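In: I would like to see how this sequence folds:
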Amino acid sequence: MPIKESELILNPDGSVYHLNLKPENIAQTIIFVGDPDRVSKITEHFDSIEFSTHKREFKTETGLYKGKRLSVISTGIGADNIDIVINELDALVNINLETREINNDLVSLDIVRIGTSGSLQSDIPVNSFLMSSHGMDINGMLHAYQTEHISHPDIEDAFVAHSDWDKNKSTPVIVEKSNELAEKFKDENVKLHQGITVTANGFYGPQGRVLRLPLRDSELNNKIDSFKFNDFRITNLEMETSAIYGLSKLLGHRAVSLNAIIANRANGTFSENPEKIVNSLIQFSLDKITA
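Out: A predicted model of the protein is given here:
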């Protein structure tokens with residue numbers, strides 16, 4: 001049955017509504033960044049750029065790097081934007097936009113997030129690289145979908161008990177990275193920290209920052225920092241990873257989330273040159289993707 005026009009909205013030129021993209025505009029390997037200005041910081045390394053578009057916070061450039069076709073897309077901030085980006089990307093490769101029918105042969109995208117974050121653990125210093133072993137959704141977005149078969153209830157239950165999780169909040173959902181795609185980033189010469197990344201639905205209160213408003217649970221960050229489950233611990237807080245991991249896994253795509261650690265909230269330090277470590281992560285990621 002064709003998908004209704006109200007559910008899959010297309011622009012007059014046939015492109016998907018928010019991203020302004022057509023199927024031929026994207027590669028099968030896609031890099032996500034948050035900031036539209038960071039797109040060009042990646043594509044300036046490309047040998048050539050074949051396509052570029054920019055609508056709202058969503059900027060896309062597609063081109064070649066060392067002979068491999070790549071797309072770079074800015075998602076803006078937050079899990080709600082990831083819901084838009086991944087669903088529309090999946091529609092581009094797995095739905096016939098003319099007939100509105102789902103394709104018989106489904107395509108799997110490789111999605112690599114390159115972001116910045118602050119470490120919650122004192123032994124993960126500024127100017128280091130971190131790969132999210134899991135994304136923990138504490139923002140509730142993944143509860144819109146059927147995630148029972150991709151989540152980790154053992155870790156979720158342990159965290160709920162450890163944190164005395166407020167029953168009025170959405171229950172945490174934990175989803176693992178693509179281990180297959182993560183293999184590409186192994187490097188004996190580069191230390192790549194790993195841990196659970198908590199994905200919040202805001203930058204201030206949801207991440208434990210206090211300006212003028214008191215928090216419902218002022219001890220939540222301490223509970224997050226001290227949580228351990230077997231060999232897993234929570235290493236950082238941000239606003240996108242759990243949505244990337246959850247939606248990618250549900251739709252059959254492969255995803256990893258990489259962060260340049262520019263701050264350490266455990267010891268109060270901040271990188272003296274955050275641009276340098278971000279550029280280093282960009283170069284590392286491009287070379288691993290195309291190896």
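In: just want the most central residue of the chain.
Out: Centroid-nearest residue in the chain, with CA atoms, centre = their mean: residue 241, separated by 3.5 Å.
In: end to end, how far does stretch 158-174 reach?
Out: 11 Å (CA to CA, to the nearest Å).
In: contacts for that stretch, please.
Out: With contact meaning CB atoms under 8 Å, 6 or more residues apart in numbering, stretch 158-174 is reached by 134-140, 142-143, 147, 151-152, 155-156, 196, 216-217, 220, 223-224, 226-227, 229, 242, 246. Every residue, glycine included, has its C-beta placed from N, CA and C.
In: which members of these are positioned in helices?
Out: The members of those that map onto helices under DSSP state H are 155, 156, 220, 223, 224, 226, 242, 246.
In: from what I can see the fifth one touches residue 235, true?
Out: Think residue 224. No - counting by CB atoms under 8 Å, residue 224 stays clear of residue 235, with 9.9 Å between them.
In: okay, and the common contacts of these two?
Out: In contact with both residue 224 and residue 235: residue 120, using CB under 8 Å, 6+ apart.
In: just to revisit the earlier point, buried subset of the ones in helices among the contacts of stretch 158-174 as a ChimeraX selection?
Out: ChimeraX command restricting the ones in helices among the contacts of stretch 158-174 to the buried ones, with burial defined by 16 or more other CB atoms under 10 Å:
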select :155,156,220,223,224,242,246
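In: farthest-separated two in the ones in helices among the contacts of stretch 158-174?
Out: 226 and 246 (24.8 Å; CB to CB).
In: number of residues surrounding residue 32?
Out: 25 (other CB atoms under 10 Å).
In: excluding chain neighbours, what is closest to it?
Out: residue 113 (4.4 Å; CB to CB, 6 or more residues apart in numbering).
In: next: residue 216.
Out: Nearest to residue 216 is residue 166, by CB to CB, 6+ apart, at 6.5 Å.
In: any idea how far that neighbour is from residue 234?
Out: 17 Å (CB to CB, to the nearest Å).
In: which one's more surrounded, those two?
Out: The neighbour comparison of residue 166 against residue 234 (other CB under 10 Å) goes to residue 234, with 22 against 11.
In: can you give me the strands in the protein?
Out: Taking DSSP state E as the test, the strands found in the chain are 29-33, 48-55, 58-65, 68-74, 95-96, 101-102, 110-119, 128-137, 173-176, 192-199, 228-229, 232-238, 254-264, 269-270.
In: distance to residue 42 added to those strands, as a markdown table?
Out: As requested, the strands of the chain are exported to a markdown table (distance: least, CB to CB, whole Å):
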| stretch | distance to residue 42 |
| --- | --- |
| strand 29-33 | 6 |
| strand 48-55 | 11 |
| strand 58-65 | 8 |
| strand 68-74 | 5 |
| strand 95-96 | 27 |
| strand 101-102 | 31 |
| strand 110-119 | 7 |
| strand 128-137 | 16 |
| strand 173-176 | 25 |
| strand 192-199 | 19 |
| strand 228-229 | 34 |
| strand 232-238 | 18 |
| strand 254-264 | 12 |
| strand 269-270 | 23 |
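In: so where is this protein shaky, pLDDT-wise?
Out: The chain contains no residues with pLDDT under 70.
In: for residue 34, give its distance to residue 57.
Out: The value you get for residue 34 to residue 57, if CB to CB is used, is 9 Å.
In: shared neighbours, the two?
Out: Common neighbours of residue 34 and residue 57 (CB under 8 Å, 6+ apart) are 74, 75, 76, 77.
In: count of neighbours near the second one?
Out: In terms of burial, residue 75 registers 27 neighbours under the definition other CB under 10 Å.
In: next one: the last one
Out: Number of residues near residue 77 (other CB under 10 Å) recorded here: 16.
In: ok, it touching residue 202?
Out: No - with contacts counted by CB under 8 Å, residue 77 stays clear of residue 202, the gap being 9.5 Å.
In: overlap in contacts of these two?
Out: With CB under 8 Å, 6+ apart, residue 77 and residue 202 have common neighbours residue 239.
In: what's the local residue count around the closest residue to residue 235 other than its chain neighbours?
Out: Leaving aside its sequence neighbours, residue 235 sits nearest to residue 195 (CB to CB, 6+ apart; 3.0 Å). Residue 195 has 20 neighbouring residues, counting by other CB under 10 Å.
In: perfect, that will be all.
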